[in-house]
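Asks: Output the structure for:
(one chain, ligands or ions: 2)
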Amino acid sequence: MTALGYVALSPETLADRLGGLAVLVEKVGPPQDWQVREVGDGNLNLVFIVTGSAGQAIVKQALPYVRLVGESWPLPLKRSFFEYNALIRQEARDPGSVPEVWHFDEAQAIIVMEFLSPHVILRHALVEGRRVAGLGERLGQFCARTLFRGSDLSMTAAARKADLALFAGNVELCDITENLVFSDPYFEAEMNRHTPGLDGIVARLRADLSLKVAAQHLKMAFTSRAETMLHGDLHTGSVMVTDTEAKVIDPEFATYGPIGFDVGMLIANFLMAHFSQPGHEKVPGDRAAQQDWLLSVVTTIWETFAAEFAYLWRSERRGILYEASLYEDQGHGLAAEQALNDLLGQIWRDTLGFCGVEMHRRILGLAHNADFERIADEGRRAMCEARALAMGRQLMLGAGALPGIATVTEMARRMDKEDHL
Ligand code: SR1
Ligand code: MG
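Replies: Numbers count the residues shown, from 1 in each chain. Ligands and ions are numbered 1, 2, ... in the order given. The predicted structure is shown next:
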């Protein structure tokens, strides 16, 4: 028990502890019938599925430490507060994009929410070679709507500044990102690990001083450019899907940061899924079509994001920046279009850089991903990971010179044919 009376739930105690919660009884049925399973497979939290006679619910509870590492790495419970606040904003900014939140208990760090069924974690679906109709469109829309509507382009000055202050409290989770994403991959940090066959390319990357500088420029953008409310951890493990639907979960890393951060992290995870596919082949070439599809999702995410962002710029730009009173109302609509193009250009360059660091940290740092980890043959895994590392480097160093998303997917196809070990 902590000073505030926090106690971690267990499948055995959950019905006793939460059986009096009216909304849970309404959604799930009387507590004497509840069946409770702990299913959390993320790095940080407890996640319970509660099944009763009337339905199901998710009960998510933060632990006071990093689950992946153990009690030696304490982590504040308040991340649950930031997750709750991000979820309700994402729902308002892109209705239907996240699970319905039914209850929040700040002291116990518990969020009770809709159980998404028959959804599965997108990353697992991609490892299995499954596809999701409309995925790139949905995720591109989510990024555009949440990132535009959480920014100074849309919000009133008072609301935006209040949210900036609120999410500035998410210090420890930002600290994880600042270290694990932007710094640790570029030196022999204590918690790093990588597939043994990568030793050569890892040594070359860590000796690459331009890369080290690029990573710190990106870190500075993350820490100092508070452009919008980010999801903060938008990878394929933070998306749940059916064959035709996608919902975004887990925004506990929410903070104000650069618009390109979420988009870049998301695209990085699809590129890593792409590079991992040969490692999951049962017959040579049987994942080629899946690789093509994953690159088509990358293209669609960016194109949908840019189109939706432009649509919102033209139809909802009512915040404190680039006011219509300065442009359209003066007959200077063309200048507003110029400003939009400039801004999308900046977001594009940021996206590529953040995409690159995310690809590096998932292979070189503490938190790896199942796309590569589930490749049992270490030699094959290293071959796949090396391509992702090489592409991450090119994205970080070439972000200013890559003209469009087609150059990114062409680069991935080129890397598929190369040996970077
Ligand atoms: C110690 S937490 C490691 C990673 O898990 C989370 O999902 C974030 O991606 C974080 O960087
Ligand atoms: Mg998570």
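Asks: so what's the residue of the stretch 151-300 of the chain found nearest ligand 2 up against?
Replies: Nearest residue of the stretch 151-300 of the chain to ligand 2: residue 250, at 3.8 Å (CB to the ion). For the C-beta atoms, the positions are set from N, CA and C on the backbone; glycine is no exception. Listed by CB atoms under 8 Å, 6 or more residues apart in numbering, the contact partners of residue 250 are 42, 83, 233, 237-238.
Asks: Doesn't it lie inside a helix?
Replies: No. Counting by DSSP: H, G, I helix; E, B strand; the rest coil, residue 250 is not part of a helix but coil.
Asks: before we move on, the earlier item: just among the contacts of residue 250, which is most surrounded?
Replies: residue 83 (26 neighbours; other CB atoms under 10 Å).
Asks: Spell out which parts of the stretch 51-200 of the chain neighbour ligand 1.
Replies: Residues of the stretch 51-200 of the chain lying near ligand 1 by CB under 6 Å from any ligand atom: 66, 68, 176-177, 180.
Asks: Narrow these to those in strands?
Replies: Counting by DSSP state E, these place residue 66 in strands.
Asks: can you list the residues of the stretch 51-200 of the chain next to ligand 1 in CSV and add pLDDT and neighbour count?
Replies: Below are those laid out as CSV (pLDDT from 0 to 100; neighbours: other CB atoms under 10 Å):
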residue, pLDDT, neighbour count
66, 94, 19
68, 90, 12
176, 97, 20
177, 98, 22
180, 98, 18
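Asks: For the longest helix seen in the chain, name the packing helices and strands.
Replies: Determined from DSSP state H, the single longest helix within the chain is helix 333-364. Judged by 3 or more CB pairs under 8 Å, 6 or more residues apart in numbering; DSSP states H and E, the packing partners of helix 333-364 are helix 199-206, helix 209-224, helix 260-276, helix 288-316, helix 378-398.
Asks: try it again with 7 Å
Replies: Helix 333-364 sits against helix 209-224, helix 260-276, helix 288-316, helix 378-398, with contacts defined as 3 or more CB pairs under 7 Å, 6 or more residues apart in numbering; DSSP states H and E.
Asks: Out of the ones you listed, flag the one nearest residue 105.
Replies: In terms of CB to CB, the element of the helices and strands packed on helix 333-364 nearest to residue 105 is helix 260-276, at 27.5 Å.
Asks: on that earlier part again, now, the residues of the stretch 51-200 of the chain next to ligand 1 that are in helices?
Replies: The helices, defined by DSSP H, take in 176-177, 180 from those.
Asks: number of nearby residues for residue 103?
Replies: By other CB under 10 Å, 17 other residues sit near residue 103.
Asks: I figured it hits residue 22, correct?
Replies: No. Residue 103 lies out of contact with residue 22 (CB atoms under 7 Å); the separation is 8.9 Å.
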